[in-house]
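S.K.: compute the structure for the input listed below.
(2 chains)
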Amino acid sequence: MKIIINHSSMQPIYEQIVGQMKAQILKGEIKEDTMLPSVRMLAKEQRISALTVKKAYDTLEAEGFITTVHGKGSFVAPTNRQMRLEERRKEVEAAFELAIRKGKSCGMSKEELTDVFQMILEEM
Amino acid sequence: MLKLRNVKKKYKDFELDCSMEVRPGMITGFVGKNGAGKTTTLKAALGLIRPDGGEVELFGKPAAVLGKAGRTRLGVVLADSGFCGYLTIRDLLPSLERMYPKFDRAAFLEKCNRFHLSDNKKIKDFSTGMRQKLHVLFALSHDARLLILDEPTAGMDVLGRDEILDMFREYMEEKEDRAMLVSSHIAGDLESLCDDIYMINDGHIIFHEETDALLGDYALLKMTREQYQKLDKSHVLRFREENYGYSCLTDQKAFYMDNYPDVTVENNGIDTLITMMIRGERV
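M.R.: Below you'll find the predicted structure:
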């Protein structure tokens, strides 16, 4: 498991952990049933608060990527096709959001944005 | 692990009234400028001074009933105390063993060796940093469940500080039910170590927050006078007039990033936050 935290990023640290772990789980780089480092262990390695790690693990658990067995630790849950598709959809959504935000901030109207969208869609 | 409820202490020109809690498994930071009351609070927690009022609870019981055996479960570094300078580390070992039944001599000496603390050199000949490391190593040497550390990184250079913080992280990882209360007037030291942080000013806790929220949700907003007039100030904790306009401390940076794309949002370290909390004005 490889996690690189950017402390000057605007993205909260727990989200960075969630994002990177999800990506590695979905790509199969971390296999099903792999035991994750304990909360305190990852906190030590990354020099971040244990509560940040816990928040990341809780989020991953709520979204079905890992399961936590009390007293034993957290393990990678099996992923399925649908989860993978769902993640992809979210990525696409985020990319659109970013583009729309950019457009709006330089004063583009809804119609202009839709036109650009249609144009790109037809070109492809 | 440790609970203080309205612990009061009055000196001639200083009054302490402090409530705080350190939970098992947590590293709690305690920041405030010099003279804010950190050491007084820690001494009250340890029973080294008698509070004028309030309660101190250690390991779930009133601190007063904590006997000798209970005290051996505390690991302590105090700013103004230390070992006799004319002794060597080797000279200290018998007393340490007698004081703390769980003192791990081999591990302690191994660590002293790792940090190049010679065991046959008089302690008075150690540098400030070395003495500080020795105090920390000793506090970590007897399987204490609760560490109470007053400015453990004071007077140390950046590298030495880093080594000490790593020792703390290791200690906490070894056993999950350990806890730690660590004070510093340099908050930056604590943001990479602590799970939550209390801030004290003029003897009163003015602020308590989880580090995760401090680093994730708090930010400094910088804006012109015109932008400030139009700003929704419901999530502004403190503001300050600056030569360019205003700076504001918020605990909801996402709100301002979403709604005010033109306002500069700056990720700020805990030191900036403290300055704002103390010097800034309330909205």
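S.K.: most remote residue from the middle of chain A, which is it?
M.R.: Here the centre of chain A is the reference, and by CA atoms, centre = their mean the most remote residue is residue A:111, at 31.0 Å.
S.K.: can you confirm it is in a helix?
M.R.: Yes. Assignment of residue A:111 by DSSP: H, G, I helix; E, B strand; the rest coil places it within a helix.
S.K.: can you give me how far the host helix or strand of residue B:181 is from the chain middle?
M.R.: Assigned by DSSP states H and E, residue B:181 belongs to strand B:179-184. Its chain's C-alpha centre and that of strand B:179-184 lie 4 Å apart, by CA atoms, centre = their mean, to the nearest Å.
S.K.: spatially nearest residue to residue B:233, not counting backbone neighbours?
M.R.: residue B:283 (4.9 Å; CB to CB, 6 or more residues apart in numbering or on different chains). No exception for glycine: its C-beta is placed from N, CA and C like everyone else's.
S.K.: my guess is that neighbour contacts residue B:240, does it?
M.R.: No. Using CB atoms under 8 Å, residue B:283 is not in contact with residue B:240, being 11.2 Å away.
S.K.: in contact with the closest residue to chain A within the stretch 51-200 of chain B, which residues?
M.R.: The stretch 51-200 of chain B approaches chain A most closely through residue B:169 (4.0 Å), counting by CB to the nearest CB. By CB atoms under 8 Å, 6 or more residues apart in numbering or on different chains, residue B:169 lies in contact with A:43-44, A:47, B:193.
S.K.: repeat the analysis, applying 7 Å as the threshold.
M.R.: A:44, B:193 (CB atoms under 7 Å, 6 or more residues apart in numbering or on different chains).
S.K.: surely it is within a strand?
M.R.: No. Read with three-state DSSP, residue B:169 is helix and lies in no strand.
S.K.: what's the spacing between the longest helix that chain A contains and its chain's center?
M.R.: Counting by DSSP state H, the longest helix found in chain A is helix A:81-105. Centroid separation between helix A:81-105 and its chain, computed with CA atoms, centre = their mean, is 12 Å.
S.K.: one step back: for the strand holding residue B:181, which strands pair with it and how are they oriented?
M.R.: Strand B:179-184 sits in its sheet next to strand B:27-31 (parallel), strand B:146-149 (parallel), going by DSSP bridges.
S.K.: can you name the element that comes right after the longest one?
M.R.: Meaning strand B:27-31. Next element after strand B:27-31 (DSSP H and E): helix B:38-46.
S.K.: hmm, who's touching stretch A:87-97?
M.R.: A:22, A:26.
S.K.: sort out which residues of that stretch are buried, please.
M.R.: Within stretch A:87-97, the residues scored as buried using 16 or more other CB atoms under 10 Å in any protein chain shown are residue A:87.
S.K.: on the three-state scheme, the residue nearest in space to the middle of chain A is what?
M.R.: By CA atoms, centre = their mean, chain A has its centre lying nearest to residue A:19, at 2.5 Å. Using three-state DSSP, the structure places residue A:19 in helix.
S.K.: for the helix or strand where residue B:20 lies, packing partners?
M.R.: Here residue B:20 sits within strand B:14-22, counting by DSSP H and E. Applying 3 or more CB pairs under 7 Å, 6 or more residues apart in numbering or on different chains; DSSP states H and E, one finds that strand B:14-22 contacts strand B:2-11, helix B:38-46, strand B:204-210.
S.K.: run a quick neighbour tally on the closest residue in space to residue B:4 that isn't next to it in sequence.
M.R.: Counting by CB to CB, 6+ apart, residue B:4 lies nearest to residue B:20, which is 5.1 Å off, once chain neighbours are set aside. The local packing of residue B:20 (other CB atoms under 10 Å in any protein chain shown) involves 19 other residues.
S.K.: quick check: residues of chain B near chain A?
M.R.: Where chain B comes near chain A, counting by CB under 7 Å from any CB of the partner chain, the residues are B:169-170, B:172-173, B:176, B:192, B:194-195, B:210-212, B:215-216, B:261, B:267.
S.K.: 6 Å instead?
M.R.: Within chain B, the positions near chain A by CB under 6 Å from any CB of the partner chain are B:169, B:172-173, B:192, B:195, B:210-212, B:216, B:261.
S.K.: PyMOL command to pick out the buried ones of those residues?
M.R.: Those of these that count as buried under 16+ other CB under 10 Å are selected in PyMOL with:
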select buried, chain B and resi 169+172+173+192+195+210+211+212+216
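S.K.: tell me which of the residues of chain B next to chain A is nearest to residue A:81?
M.R.: residue B:216 (32.4 Å; CB to CB).
S.K.: what's the closest non-adjacent residue to that closest one?
M.R.: residue A:12 (3.7 Å).
S.K.: thought the one you found was touching residue B:215?
M.R.: No. Assessed by CB atoms under 6 Å, residue A:12 is found out of contact with residue B:215, at 7.7 Å.
S.K.: and the angle from the strand holding residue B:181 to helix B:38-46?
M.R.: Going by axes from the mean of the first three to the mean of the last three CA atoms, to 10 degrees, strand B:179-184 is angled at 160 degrees with respect to helix B:38-46.
S.K.: and strand B:179-184, which residues are buried?
M.R.: Neighbour-count burial for strand B:179-184 [16+ other CB under 10 Å]: B:179-184.
S.K.: quick one: name whatever helix or strand follows the helix-or-strand element of chain B with minimal mean pLDDT.
M.R.: Least confident element among the helices and strands of chain B, by mean pLDDT, DSSP states H and E: helix B:187-191 (a mean of 81). Helices and strands here follow DSSP H and E; after helix B:187-191, the next one along the chain is strand B:196-201.
S.K.: off-centre distance for that following strand?
M.R.: 8 Å.
S.K.: same for that strand, what does it pack against?
M.R.: Using 3 or more CB pairs under 6 Å, 6 or more residues apart in numbering or on different chains; DSSP states H and E as the contact test, the elements touching strand B:196-201 are strand B:27-31, strand B:204-210.
S.K.: got a list of contacts for that strand?
M.R.: B:20, B:28-32, B:36-37, B:205-208, B:210-211, B:278 (CB atoms under 6 Å, 6 or more residues apart in numbering or on different chains).
S.K.: please repeat the previous calculation with a cut-off of 7 Å.
M.R.: With CB under 7 Å, 6+ apart, strand B:196-201 has contacts from B:18, B:20, B:26, B:28-32, B:36-38, B:41, B:190, B:205-211, B:214, B:270, B:274, B:277-278.
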